[in-house]
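Asks: could you look at this predicted model? Sequence included:
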Amino acid sequence: NHILKAISKVVDFSFINILLEDTYCKNFGRPAKEPEMMCKLLFLQHLYNLSDEKMEVEASLNLAFLYFLGLDPEDTLPDKSLLSKFRKHRLGEDTLDDILTEMVRQCVEGGVLKGKSVSLDATHIMANTIKKTPERLMKHLARMIIHTYEKETIGGQIKELPEVPRYEEIKDHREAKMVMKNYLEKVMELVAEKLTDNEPLTSQWIQKAKDILYDPKFINQKGIRSLIDEDARVGRKSKTQSFYGYKTEIMMTTDQRIITSVRTADGSYMDGGYTKEMLEQTLKSGMKIEEVYGDKAYFRKPILDEIDAVGAKPYIPVSSTVYRIDEAEFTYNKDSDEWQCSEGNMTVKKKQFISKNKDGERRGYRYYFDIKQCKECPLHD
C-alpha cells in the first residue's frame, strides 16, 4: 500500500522522455541520465522535502525510492549537482506547464477527475532576500559601479568622486531619496566620462542603474527593492499589512482540489491577469469546464468575458464598479480594499457617500489618491 507503488501503477511518466527530447544532443557528449528518472527524482524531492544532497543519499538507501525510480540497489544514482543542472537547463516554464497538463490529462482519462468546475485564487510567497529602501539601493548601485570600474581597470580610481551621503541622518524621507539620487547620478556621470571599450561590465552596471533610477515607480517605492532578487515587488495582504515577494495564482478542480494550472507574478500583481491562459491550459488537458468559482477580485468584465468564451458559468461575488472603471488605468485590490493606478500608487482613504436624485437614493464609496503623488506623476497632464 506504499504511496510510491500506487503512483507507479497509475501514472505513466514515460512521456517526459519525448517531451524533453529536443533539449539533448544525440550525437555528442556523454550519455545523459534518462529525463524520466530525473523528473522522478525531483518529484520525490518535493514529496519528501529533501535537499539535493539528502535526495542523493536517501535514494541510494531507500528501497521504495529505488523501486519508484526503476533502479537496482547496485545502480549508480546521478550526482547531486546534476539535479540542479537539470532544473536550470532542461526544465523551462513551458515544459513544466506541459508536464502538468499531461498529468491532469491522465487523471481525466483514468476517471480521477469527473467534476466540471474549477476554482481560482492567488496566494502570497515571501521573497528570500532583504527589502531595501530606495536610498540604500542607490548607495549599493553606486558602490557596484565604482568597484566594477576599479576591478576592470586594475586599481584605477576616480579622484573627483563625492563622499557618500549619510542619508540615515536625514529625517525627511523624500529629501534623503533626492540626496542619494543626486549622488548616484554624479557617480554615473564621472565614471562614464572615464569609460573605454575595455570596461564592458562597468557600462552594464551604469545602464542597470539608469533603468532602475528613472523608472517612475522606483522613487515611490513601488519598483525594484533588491539587486539579489530583481523581480520581487511589494504587495498587500490587507489594508494594514504589506508583504515583499510574489503572488502565485492557482486554478484547481473544486471537488478533488487537483491543480490544473499555475502562474507566478510579482507581489504587486492584481488577481485575475492570467485567467484566459489558465482556462486554456485546463481545457487542453481534456477537462470540461462548466463552472468557475472565485472571490470578488475576479469580478471584472474581461475575466467574465473569458469565462463566458469557454462556455462556463461564473460564481463570483458581484462588484458594481466593474463596468464603470477603465481597467487599463485602475485595478482593485480586494485584500487591502484599495484601488491601484497604472503607476503603482494606491488609494489612501475611502468615504461612503449618499446622493439623491429623481430616481431615488444612491449609496456608494469614493476612493482617494494622495494628491502629492498625483501632482508629481509623469501622467499628471
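Replies: Right, received. Where do you want to start?

Asks: how about the helix or strand containing residue 141: buried residues?
Replies: Using DSSP states H and E, residue 141 sits in helix 134-152. Going by neighbour count (16 or more other C-beta atoms under 10 Å), the buried part of helix 134-152 is 134-139, 141-142, 144-146, 148-149, 152. Placement of C-beta: from N, CA and C, glycine included.

Asks: with stretch 89-103 instead?
Replies: In stretch 89-103, counting by 16+ other C-beta under 10 Å, buried: 90-91, 95, 97-103.

Asks: which one of these sits closest to residue 182?
Replies: Taking C-beta to C-beta as the measure, residue 182 lies nearest residue 91 of these, at 44.8 Å.

Asks: quick one: pLDDT of residue 168?
Replies: Looking at residue 168, its pLDDT stands at 90.

Asks: make that residue 44, sorry
Replies: Residue 44 is assigned a predicted lDDT (pLDDT) of 93.

Asks: re earlier: how about TSV for the buried residues of helix 134-152, with pLDDT added?
Replies: Putting the buried residues of helix 134-152 into TSV (pLDDT from 0 to 100) gives the following:
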residue	pLDDT
134	92
135	94
136	94
137	94
138	95
139	94
141	95
142	94
144	94
145	94
146	92
148	93
149	91
152	89
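
Asks: using a markdown table, lay out these together with distance to residue 127.
Replies: Shown next, in a markdown table, are those (distance: C-beta to C-beta, whole Å):
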| residue | distance to residue 127 |
| --- | --- |
| 134 | 17 |
| 135 | 19 |
| 136 | 16 |
| 137 | 14 |
| 138 | 20 |
| 139 | 20 |
| 141 | 19 |
| 142 | 23 |
| 144 | 20 |
| 145 | 24 |
| 146 | 27 |
| 148 | 25 |
| 149 | 29 |
| 152 | 30 |
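
Asks: chain center to the helix holding residue 141, what's the gap?
Replies: Relative to its parent chain, helix 134-152 has a centroid offset of 27 Å by C-alpha atoms, centre = their mean, to the nearest Å.

Asks: what's whichever helix or strand comes after that helix in contact with?
Replies: Tracing the chain past helix 134-152, the next element assigned as helix or strand by DSSP H and E is helix 173-194. With contacts defined as C-beta atoms under 8 Å, 6 or more residues apart in numbering, helix 173-194 is touched by 134-135, 138-139, 141-142, 145-146, 149, 156, 158, 160-162, 164-165, 167-168, 170, 202, 206, 209-210, 213, 219.

Asks: and the next element down the chain from helix 173-194?
Replies: Remark: after helix 173-194, the chain's next helix or strand is helix 200-213, criterion DSSP H and E.

Asks: tell me which residues in that next one are buried?
Replies: Neighbour counts over helix 200-213 (16+ other C-beta under 10 Å) mark 202-203, 205-206, 208-209, 212-213 as buried.

Asks: quick one: average confidence on the helix or strand following that helix?
Replies: For helix 200-213, the following helix or strand on the C-terminal side (DSSP H and E) is helix 216-219. For helix 216-219, mean pLDDT rounds to 81.

Asks: picking up where we left off before, pick out the lowest-pLDDT one from the buried residues of stretch 89-103.
Replies: residue 90 (77).

Asks: and the helices in the chain?
Replies: Applying DSSP state H to the chain gives helices spanning 3-10, 15-19, 35-47, 52-61, 63-69, 80-85, 93-109, 134-152, 173-194, 200-213, 216-219, 275-284, 301-309, 371-376.

Asks: so which elements touch the fourth one?
Replies: Under the contact criterion of 3 or more C-beta pairs under 8 Å, 6 or more residues apart in numbering; DSSP states H and E, the helices and strands touching helix 52-61 comprise helix 35-47, helix 63-69, helix 80-85.

Asks: list the contacts of the first one.
Replies: Outside helix 35-47, the residues that touch it by C-beta under 8 Å, 6+ apart are 4, 13-14, 16-17, 19-20, 24, 50-52, 55, 59, 65, 68-71, 78, 82-83, 86-87, 90, 99.

Asks: let's see that with 6 Å instead.
Replies: Contact with helix 35-47 is made by 13, 16-17, 20, 55, 65, 69, 86, as judged by C-beta atoms under 6 Å, 6 or more residues apart in numbering.

Asks: next, work out how far apart residue 34 and residue 44 are.
Replies: 15 Å (C-beta to C-beta, to the nearest Å).

Asks: any stretches of this structure with poor pLDDT?
Replies: By pLDDT under 70, the weakly predicted segments of the chain are 23-33, 320-323.

Asks: so how far is residue 345 from residue 220?
Replies: Taking C-beta to C-beta, one finds residue 220 at 7 Å from residue 345.

Asks: give me the more crowded residue out of those two.
Replies: residue 345 (20 against 17; other C-beta atoms under 10 Å).

Asks: quick one: residues contacting the more buried one.
Replies: Contacts of residue 345 (C-beta under 6 Å, 6+ apart): residue 373.

Asks: how close does it sit to residue 221?
Replies: Residue 345 sits 10 Å away from residue 221, taking C-beta to C-beta as the criterion.

Asks: ok, now residue 41?
Replies: Going from residue 41 to residue 221 by C-beta to C-beta gives 41 Å.

Asks: more crowded one of those two?
Replies: Comparing residue 41 with residue 221 by neighbour count (other C-beta under 10 Å), the higher total belongs to residue 41, at 25 against 14.

Asks: list the buried residues for stretch 270-279?
Replies: Applying a neighbour-count criterion of 16+ other C-beta under 10 Å, one finds 270-276, 278-279 buried in stretch 270-279.
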